[in-house]
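Chemist: sequence-free structure coming up:
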């Protein structure tokens, strides 16, 4: 796993170095399609043919991460992409090809085979992508899935009218008054709760057991 993470870091850093050289020469940003052709060349070169030992998809995902970093920079949503350092955020991602055997707590990765993991929760839905990351000398697997959720049904037993105003944001027919300030104070907590629920429903993390 360390070799795979190292290969992904190497591909990211080398592509970033070439992008920097291209920028200093006064040229425009090189898109992913061109960077993908670099990867093919590197695998064929004697000095970097060891990249063949790593799965292709995670290497390609590293280039897509770099492309996403540039797009975020161009749109002023993030800082300029920086080189990755060994031992910091070591990870690699599979967009497909992963097999999951929940009954036996094991998962299979291309070019790695079956690996046992410690299950923290049941995986529900179709697996969309899997990220393997190193943290505190332990490997973790984050599985992102997609599944349909039924719309919640509110069994209302009564109706209430609403009158919107300026000084009073909303007044209900039962006499309840909502002021703008009170809603503003409630909003951050409400958003945080929704965000937490959303994250919990989409991504699960598992500990990989080596050996």
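Modeler: Perfect, I can see it now. Given the structure is predicted, the values throughout are model-derived calculations rather than measurements.
Chemist: which strands or helices does the helix or strand residue 116 falls within pack on?
Modeler: Assigned by DSSP states H and E, residue 116 belongs to strand 113-118. Under the contact criterion of 3 or more C-beta pairs under 8 Å, 6 or more residues apart in numbering; DSSP states H and E, strand 113-118 touches strand 106-109, strand 203-209. For the C-beta atoms, the positions are set from N, CA and C on the backbone; glycine is no exception.
Chemist: now that strand: how far from the chain's centre is it?
Modeler: 21 Å (C-alpha atoms, centre = their mean, to the nearest Å).
Chemist: for that strand, list every residue counted as buried.
Modeler: 115, 117 (16 or more other C-beta atoms under 10 Å).
Chemist: partners of that strand, with directions?
Modeler: Sheet pairing of strand 113-118 (DSSP bridges) gives strand 106-109 (antiparallel), strand 203-209 (antiparallel).
Chemist: could you figure out how far the helix or strand containing residue 144 is turned away from strand 113-118?
Modeler: According to DSSP H and E, residue 144 maps onto strand 138-146. Interaxial angle of strand 138-146 relative to strand 113-118 (axes from the mean of the first three to the mean of the last three C-alpha atoms, to 10 degrees): 100 degrees.
Chemist: which residues touch stretch 118-133?
Modeler: 1, 4-5, 89-96, 98, 100, 102, 105, 107, 109, 139-147, 204-209 (C-beta atoms under 8 Å, 6 or more residues apart in numbering).
Chemist: contacting residues around stretch 89-99?
Modeler: For stretch 89-99, contacts defined as C-beta under 8 Å, 6+ apart pick out 1-2, 4-9, 55, 57-58, 61-62, 107-110, 127-134.
Chemist: can you flag the buried ones in these?
Modeler: Buried subset of the contacts of stretch 89-99 (neighbour count, 16+ other C-beta under 10 Å): 1, 4-5, 7-9, 55, 57-58, 61-62, 107, 109, 127, 129-134.
Chemist: where along the chain do the helices fall?
Modeler: All helices of the chain, identified by DSSP state H, fall at 2-24, 32-44, 56-74, 180-202.
Chemist: what about the ones you listed, which gets the closest to residue 117?
Modeler: Checking the helices of the chain against residue 117 by C-beta to C-beta gives helix 2-24 as the closest, at 16.3 Å.
Chemist: now the closest one against helix 32-44, angle please.
Modeler: Using the same axes, to 10 degrees: helix 2-24 against helix 32-44 is 130 degrees.
Chemist: since we're on residue 10, how many residues are nearby?
Modeler: Residues lying near residue 10 (other C-beta atoms under 10 Å) number 19.
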